[in-house]
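Asker: Curious how this folds, go ahead:
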Amino acid sequence: MPEIKVTSELNGIVQKLEVTPGAKVSEGDTIILLNCMKMEIPVLAPKSGTLKAILVEEGAVVAEGQALATIET
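Answerer: Take a look at the predicted model:
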């Protein structure tokens, strides 16, 4: 099964992990909430599938383009 990397669209801090590995996600579901300049920015699932792994922890600083999670389709 192909894996899709979910990446950050901006620099920020991981505020909350919304889904745990093994959970089914649909395209457009919020996986992670990032905090950037006091704004909550949702990281959305680009495709439906099973969340295979989350590659960051709450409180982690992330960079634009950094892989945050993987989804198995």
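
Asker: rest of the way, CA atoms for contacts and neighbours
Answerer: Fine.

Asker: Skipping its backbone neighbours, what lies nearest residue 19 in space?
Answerer: residue 31 (5.4 Å; C-alpha to C-alpha, 6 or more residues apart in numbering).

Asker: swap in residue 61?
Answerer: Computed as C-alpha to C-alpha, 6+ apart, the closest residue to residue 61 that is not its neighbour in sequence is residue 13, at 4.5 Å.

Asker: again with residue 73
Answerer: Nearest one to residue 73, counting by C-alpha to C-alpha, 6+ apart, is residue 49 at 4.4 Å.

Asker: Regarding stretch 10-22, how distant is the last residue from the first?
Answerer: 26 Å (C-alpha to C-alpha, to the nearest Å).

Asker: again but with stretch 44-53, I slipped
Answerer: The first residue of stretch 44-53 is 14 Å away from its last residue (C-alpha to C-alpha).

Asker: pLDDT averaged over the strand or helix carrying residue 33 - what is it?
Answerer: Residue 33 is located in strand 30-36, with elements delineated by DSSP states H and E. Confidence for strand 30-36, expressed as mean pLDDT, is 97.

Asker: List the buried residues of that strand.
Answerer: 30-35 (16 or more other C-alpha atoms under 10 Å).

Asker: who's residue 5 bridged to?
Answerer: residue 70 (DSSP bridges).

Asker: again but with residue 13, I slipped
Answerer: According to DSSP bridges, beta-bridge pairing links residue 13 with residue 35, residue 61.
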